[in-house]
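Pasting the sequence and the predicted model now:
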Amino acid sequence: YREGGVLKRAGHTEAAVDLARMAGLYPAGVLCEIVNEDKTEMARQPELKVFAAKHGLHMLSIADLVRYRRQKEKLVKRIAEARIPTPHGEFTCYAYESVLDGETHLAFVKGAVQGEDNVLVRVHSECLTGDVFGSLRCDCGPQLDAAMRRIADEGLGAVVYLRGHEGRGIGLANKLRAYLLQEQGRDTVDANLELGHHSDSREYGVGAQILVDLGITTMRLLTNNPAKRGGLAGYGLEIVERVPLETTPNPENIEYLRTKRERMGHLLEGLDDVL
């Protein structure tokens, strides 16, 4: 059993203990596995549905439990804040600590956002190579800069900076390994898959809870990624508008951007006009 339950490790042991704890009982459980009718292997979901219906049992998945806990439990705590002058003016920076893994996330806030309607928001995934070192392989750095500028111009908004999202959640070293595979002809999706990861492993529950803590409930979301909109839903947040955040492509990232459009559904325009 891992402390943190299914939010730390999505396993059956963690699920059993979580269910007992959530029911107000002693946090312990007994596990058994159900075999299929011919007793040759463990029953899978279709057989389990039949078994549950036959015996009048409730049935849920570990994914259901993860989703419920992420919606109902507080996953972050505010631990620090400071005034940060930037090239785009002053922001207040809030630091949040994840109660699950101790990771520190940031929110750069412009103006008094609490309780305001339709706040301009960017939820940005950490990208050290792009955000800090100006890598031309991606559009992360220019997107972050553009988001800060647009929020500063508006005078009200927030940039939530999520740590641990390198390479769409595979980590910094694996991102570099994926870059090497891309040099050998894979695209950004196939590179992640070849390394044994999902094409996109990011989750946005922590970002959603940071926005709730800031008092933001209705927002205009700066993103080209429809999945990000879905990932923020279900936490009492209302996204009233998707605001495009397109940047100027360059020869190093044009194929990466086209792959995001064609294989990941990102809403990007004008890429076919770039050689």
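Perfect, I can see it now. Residues are numbered from 1 along each chain as shown.

all contacts plus neighbour counts: C-alpha atoms, from now on.
Noted.

Nearest residue to residue 14 in space, please, no chain neighbours.
Excluding its sequence neighbours, the residue lying closest to residue 14 (C-alpha to C-alpha, 6 or more residues apart in numbering) is residue 5, at 4.6 Å.

what does residue 26 give?
Counting by C-alpha to C-alpha, 6+ apart, the nearest residue to residue 26 once its immediate chain neighbours are dropped is residue 20, at 6.3 Å.

State the number of residues packed around the one you found.
14 (other C-alpha atoms under 10 Å).

sec struct for the residue nearest to residue 158 when sequence neighbours are not counted, please.
Nearest residue to residue 158, sequence neighbours excluded (C-alpha to C-alpha, 6+ apart): residue 109, at 4.3 Å. Assigned with DSSP: H, G, I helix; E, B strand; the rest coil, residue 109 falls in the strand class.

So what's the residue count around residue 109?
Counted by other C-alpha under 10 Å, the residues lying close to residue 109 total 25.

got a list of what the residue nearest to residue 225 when sequence neighbours are not counted touches?
Spatial nearest neighbour of residue 225, excluding adjacent residues (C-alpha to C-alpha, 6+ apart): residue 266 at 4.8 Å. Contact partners of residue 266, counting by C-alpha atoms under 8 Å, 6 or more residues apart in numbering, are 224, 225, 226, 260.

I figured the second one hits residue 263, correct?
So that's residue 225. No. If you go by C-alpha atoms under 8 Å, residue 225 and residue 263 don't touch, sitting 11.7 Å apart.

These two: which is more packed in?
Taking other C-alpha under 10 Å, residue 225 and residue 263 do not tie; residue 225 has more neighbours (18 against 13).

Backbone dihedrals for that one, please?
When quoted as degrees, to the nearest 10, the phi and psi of residue 225 stand at phi -110, psi 110.

and this structure, what are its domains?
Domain ranges of the chain: 5-72, 76-165+202-273, per automatic domain parsing.

Give me the neighbour count for residue 238.
18.

Check residue 3 too.
Count around residue 3 with other C-alpha under 10 Å applied: 11.

Secondary structure element holding it?
Under the criterion DSSP states H and E, no helix or strand holds residue 3.

if I pick it, what's in contact with it?
Residue 3 touches nothing, counting by C-alpha under 8 Å, 6+ apart.

Report the separation between it and residue 78.
Counting by C-alpha to C-alpha, to the nearest Å, the separation of residue 3 from residue 78 is 21 Å.

Once you drop chain neighbours, what's closest to residue 140?
residue 130 (5.5 Å).

Checking the one you found next. Helix, strand or coil?
Taking three-state DSSP, the label given to residue 130 is helix.

mind checking which helix or strand of the chain has the lowest mean pLDDT?
For the chain, counting by mean pLDDT, DSSP states H and E, helix 226-232 ranks last in confidence among helices and strands (a mean of 80).

Which other helices and strands does that helix contact?
For helix 226-232, the packing partners by 3 or more C-alpha pairs under 8 Å, 6 or more residues apart in numbering; DSSP states H and E come out as helix 205-213.

Can I get the following helix or strand past the helix it packs on as CSV, trimmed to CA atoms?
Sequence order places strand 218-222 as the next helix or strand after helix 205-213, per DSSP H and E. The C-alpha coordinates for strand 218-222 follow below in CSV (Å, rounded to 0.1, in the frame of the first residue of the first chain):
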residue,chain,number,x,y,z
THR,A,218,-15.4,31.2,-14.5
MET,A,219,-12.6,31.7,-17.0
ARG,A,220,-11.5,32.2,-20.6
LEU,A,221,-8.9,29.6,-21.1
LEU,A,222,-5.8,30.4,-23.2
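
hmm, who's touching strand 218-222?
By C-alpha under 8 Å, 6+ apart, strand 218-222 touches 116-123, 147, 229, 237-245.

Now intersect the residues you listed with the helices, please.
147, 229 (DSSP state H).

Now the buried members of the contacts of strand 218-222.
When the contacts of strand 218-222 are checked for burial by 16 or more other C-alpha atoms under 10 Å, the buried set is 118-123, 147, 229, 237-239, 242, 245.

of all those residues, which comes closest to residue 101?
Closest to residue 101 out of these is residue 123 (19.4 Å), distances taken as C-alpha to C-alpha.

Which of the helices or strands spans the nearest residue to the closest one once chain neighbours are set aside?
Of all residues not flanking residue 123 in the chain, residue 160 sits nearest, at 4.7 Å (C-alpha to C-alpha, 6+ apart). Secondary structure assignment for residue 160, by DSSP H and E: strand 157-162.
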